[in-house]
Each structure stands twice: as C-alpha cells, then as structure tokens.
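Colleague: Take this sequence and fold it.
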Amino acid sequence: MARMIAPVKRRSTRNSRESQRSRGVLCLVRFLIVAFVVVLALALASVSHLSAHDLERTQVSMAFARDGSFVLDVANDPGWLKLRLENFPGSFADRVVLWVDGREVVPASVEYLPPNAGVDAERPLGKHRLRGRLPPDAHTLRWYYGLVIDPYPLTIRRADGRVIVEEIGSDAWSRTIDVSGQFQPPQINATLASLAVAVLLLVPVALRLVTKRSTTEDTEDREVESRLAQD
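Modeller: Here you go, the predicted structure:
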C-alpha cells in the first residue's frame with residue numbers, strides 16, 4: 001500500500017518582507033522628524049542670539065594718558081539703550097564698575113553723545129563717555145557692565161601704545177587687566193617752568209639793585225658825617 005504523505009503548504013514570505021520594509025520606512029521617518037526638530041531648534045536659538053546681540057551692538061573702549069587719566073566710551077544701539085535704562089533708574093555710571101587694585105574708581109564725569117550719522121549712517125550708536133583718573137601706581141583693572149545680555153568687545157588703549165582687546169561674556173566681569181608701568185607722576189607744567197626761569201633771571205638783577213642802593217646809602221652817610229665834622 002502506498003504511503004500517504006500529507007501535502008505541505010509553502011509559507012509565503014511576502015507578508016514578512018512587506019512588514020520589515022514598513023518598519024524600516026517608519027524608523028527612517030522618525031529619524032528624519034527628530035533630526036528636523038533638532039536642526040530647527042538650533043537654528044531658532046542661533047537666530048535669537050544673533051538678534052539680541054544685533055540689538056545691543058555693545059562696544060566698549062578705554063584710553064589712558066600718561067598722567068593716569070582715562071576716557072571710557074560705552075556705545076550701544078540708542079533704541080535698545082533707552083528701553084533698557086527705563087528699568088534702571090539713576091546715573092549711567094551706576095551701571096558700570098572700574099575695580100582697580102581691590103577698590104572702586106568712580107568716574108569724575110559722565111556725558112551722553114547722541115548718534116553721529118556721519119560715522120555710521122545706517123545704524124549709528126549712542127555713546128556714554130566717562131572721564132576719570134587712575135592712581136599713578138595702579139597695577140590691575142577689572143571691568144563690569146551690568147546692562148548687557150550678550151558678549152561684547154572691550155578695547156584697552158594703554159598710554160605706552162599697547163592695545164588689549166578681549167571678549168566679555170555678557171553680564172560678567174572682565175579678566176584681570178594689566179595697567180601697570182604706563183603712568184608717570186605729574187610734572188611741573190610749562191607756565192610754572194617759565195615762572196621759575198624768570199625768577200632765576202631776576203635774582204641777580206635784584207641783588208645788584210640792593211647792592212647799589214646799599215652803596216649809595218653808605219656814601220650819603222659818609223658825606224653827612226663829613227659835613228657835620230666840618231661844622
């Protein structure tokens with residue numbers, strides 16, 4: 001009797017392949033969505049940062065003279081600065097700090113220079129100019145500007161010709177800046193020097209006049225004594 005073998009049905013691989021392909025497509029779509037969201041977030045953060053920095057447009061420069069005096073210019077976008085100062089009553093000088101050798105040096109004067117269209121016709125900057133003086137023996141300086149949010153450049157022009165430029169990290173202190181070896185003690189001015197020379201030249205003349213007068217008086221005294229003796 002012939003052996004009866006049940007027919008074996010062939011399993012179809014079509015459904016499994018389609019299922020794997022669907023899962024691969026789904027993973028790819030998910031990856032693309034995540035990548036798009038990340039790139040979009042980075043782009044928005046970058047635009048936001050650049051926009052804020054572009055609004056402030058902070059520039060700070062400080063120039064020293066041999067006698068220790070300085071001129072400090074703090075420039076910003078005038079519109080941004082006006083809105084910012086509305087939240088901080090008081091003098092602009094209260095918003096900055098000059099920390100010299102462990103103590104604060106307060107500027108002697110503060111003035112606001114309005115935007116100069118001739119310098120930057122498209123987007124001129126408003127500028128606060130502060131003047132003051134550091135001690136002749138000053139060694140270190142640290143700088144702080146409390147209004148800004150984004151990084152900005154600080155330029156130091158020393159009296160000996162050296163230029164120091166550093167990037168300040170937004171609302172932060174500068175590093176310790178070397179200001180030593182550039183100042184000289186106050187010297188006698190030209191007027192006092194001319195007066196001193198004139199005095200030195202007049203001294204011999206005065207001595208001659210005094211000597212001549214003394215000689216004349218002695219002669220007169222002898223003549224008077226002689227007349228009295230004759231009488």
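
Colleague: Which residues are in contact with L154?
Modeller: V60, S61, M62, W143, V165, E166, E167, I168, S174 (CB atoms under 8 Å, 6 or more residues apart in numbering). C-betas here are computed from N, CA, C, even on glycine.

Colleague: Just grab the bridge partners of it for me.
Modeller: Beta bridges link L154 to V60, E166, judged by DSSP bridges.

Colleague: I'd say V163 and I177 touch.
Modeller: No. Between V163 and I177 there is no contact under CB atoms under 8 Å: 11.9 Å.

Colleague: before we move on, back to that, mark which of the contacts of L154 are buried, thanks.
Modeller: Among the contacts of L154, the ones that count as buried by 16 or more other CB atoms under 10 Å are V60, S61, M62, W143, I168, S174.

Colleague: Tabulate those in TSV, adding columns for distance to G68 and pLDDT.
Modeller: Output for the buried ones among the contacts of L154, formatted as TSV (distance: CB to CB, whole Å; pLDDT from 0 to 100):
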residue	distance to G68	pLDDT
V60	19	96
S61	17	96
M62	13	97
W143	16	95
I168	23	92
S174	19	93
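
Colleague: returning to that earlier point: more neighbours: V163 and I177, which one.
Modeller: I177 (16 against 10; other CB atoms under 10 Å).

Colleague: For that one, give me the backbone phi and psi.
Modeller: The phi/psi pair for I177 (degrees, to the nearest 10) reads phi -110, psi 130.

Colleague: Surely it is in contact with R142?
Modeller: Yes. The criterion here is CB under 8 Å, and I177 meets it with R142 at 6.9 Å.

Colleague: Do you have the strands of the chain handy? List them.
Modeller: Here the chain has its strands, by DSSP state E, at 59-64, 69-76, 96-100, 103-104, 109-113, 126-133, 140-145, 152-157, 163-168, 177-178.

Colleague: got a list of contacts for the last one?
Modeller: The list of residues contacting strand 177-178 from outside it, by CB under 8 Å, 6+ apart, reads H139, T140, L141, R142, W143, I156, I164, E166.
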